[in-house]
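K.L.:
Return atomic coordinates for the entry below.
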Amino acid sequence: MGAFSQSLSLALQLIASADATLWRIVGLSLRVSASACLIGALLGLGLGAWLAVSRFRGHGLVVGALNTLLALPSVVVGLVVYLLLSRSGPLGSWGILFTPGAMVIAQTILVVPLIAALARQLVADALREGGDELQAMGAGRLLAALLLLLHERVAVLTLLLTAFGRAVAEVGAVMVVGGNIDGVTRVMTTAIALETSKGDLPLALGLGLVLLGVVAIINGLVALTRRSPAAWVGAAA
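P.N.:
Numbers count the residues shown, from 1 in each chain. Here you go, the predicted model:
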């Protein structure tokens with residue numbers, strides 16, 4: 001217990017003193033995950049809206065496959081991206097393996113199914129409630145779906161925050177395609193695993209506390225976005 005208390009105390013000191021190594025790792029983690037979520041939002045929201053309004057042969061299979069990808073193991077994603085970006089792979093000429101760019105690609109693949117599946121369900125529910133009115137005004141099905149996403153922007157924000165939480169807490173894919181290179185591709189999750197194995201518990205605990213703080217902030221923002229306008233009015237009163 002004494003070793004844990006000492007490590008925790010040193011971890012808090014690292015955070016309070018703005019340790020350069022710790023906050024460099026945190027900054028890279030947030031940049032990679034935010035970039036992946038931005039790209040994932042552009043792809044996932046569009047895909048989800050399209051799947052919600054389109055009808056074609058095999059539609060059910062595509063939706064089923066999308067829902068299955070929600071449980072896609074991150075190490076499998078890392079392996080696939082590694083094979084694609086390796087020198088002998090089809091995208092080896094890009095030369096981005098073991099760079100933050102490769103990590104962004106891996107995390108994007110992880111969050112797109114989550115964003116698309118939740119967006120599809122969101123649009124489908126919204127279409128049942130108000131889709132006929134938009135179509136009566138001349139909006140096509142896809143345009144109506146996109147307008148409903150804009151109308152349900154609070155729910156979309158909740159969706160994107162959930163995706164960011166998924167990305168920032170991921171370790172398997174970024175470890176495989178990033179290589180956990182100090183000062184280049186070392187993010188919070190991979191650094192925690194490495195520093196724990198090295199016995200540098202204060203830095204590992206410090207990063208763990210920051211990661212927990214990031215997740216707590218995301219959960220808090222999600223809870224705030226779920227509050228109804230009436231609840232905000234009541235709280236202000």
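K.L.:
Mind checking the pLDDT average for the longest helix seen in the chain?
P.N.:
Using DSSP state H, we find that the single longest helix of the chain is helix 100-136. Across helix 100-136, pLDDT averages out at 86.
K.L.:
what's the answer for stretch 144-161, then?
P.N.:
84.
K.L.:
Would you mind writing the CA trace of it as CSV?
P.N.:
What follows is stretch 144-161, C-alpha atoms only, in CSV (Å, rounded to 0.1, in the frame of the first residue of the first chain):
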residue,chain,number,x,y,z
ALA,A,144,-34.6,14.6,-45.3
ALA,A,145,-32.2,12.3,-43.4
LEU,A,146,-29.4,14.8,-43.4
LEU,A,147,-31.8,17.6,-42.3
LEU,A,148,-33.0,15.3,-39.5
LEU,A,149,-29.4,14.8,-38.4
LEU,A,150,-29.0,18.5,-38.2
HIS,A,151,-32.3,18.8,-36.2
GLU,A,152,-31.1,16.1,-33.8
ARG,A,153,-27.7,17.8,-33.4
VAL,A,154,-27.7,17.2,-29.6
ALA,A,155,-28.1,13.5,-30.1
VAL,A,156,-25.4,13.6,-32.8
LEU,A,157,-23.1,15.4,-30.4
THR,A,158,-23.7,12.7,-27.8
LEU,A,159,-22.9,10.1,-30.5
LEU,A,160,-19.6,11.8,-31.5
LEU,A,161,-18.6,12.1,-27.8
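K.L.:
From the chain's centroid, how far away is that stretch?
P.N.:
Distance, stretch centre to chain centre, for stretch 144-161: 16 Å (C-alpha atoms, centre = their mean, to the nearest Å).
K.L.:
picking that back up, check which residues of the longest helix of the chain are buried.
P.N.:
For helix 100-136, the neighbour count (16 or more other C-beta atoms under 10 Å) marks 100-124, 126-127, 131, 134 as buried. C-beta here means a position set from N, CA and C on the backbone, and glycine is covered the same way.
K.L.:
Over to stretch 38-53?
P.N.:
39-41, 44-53.
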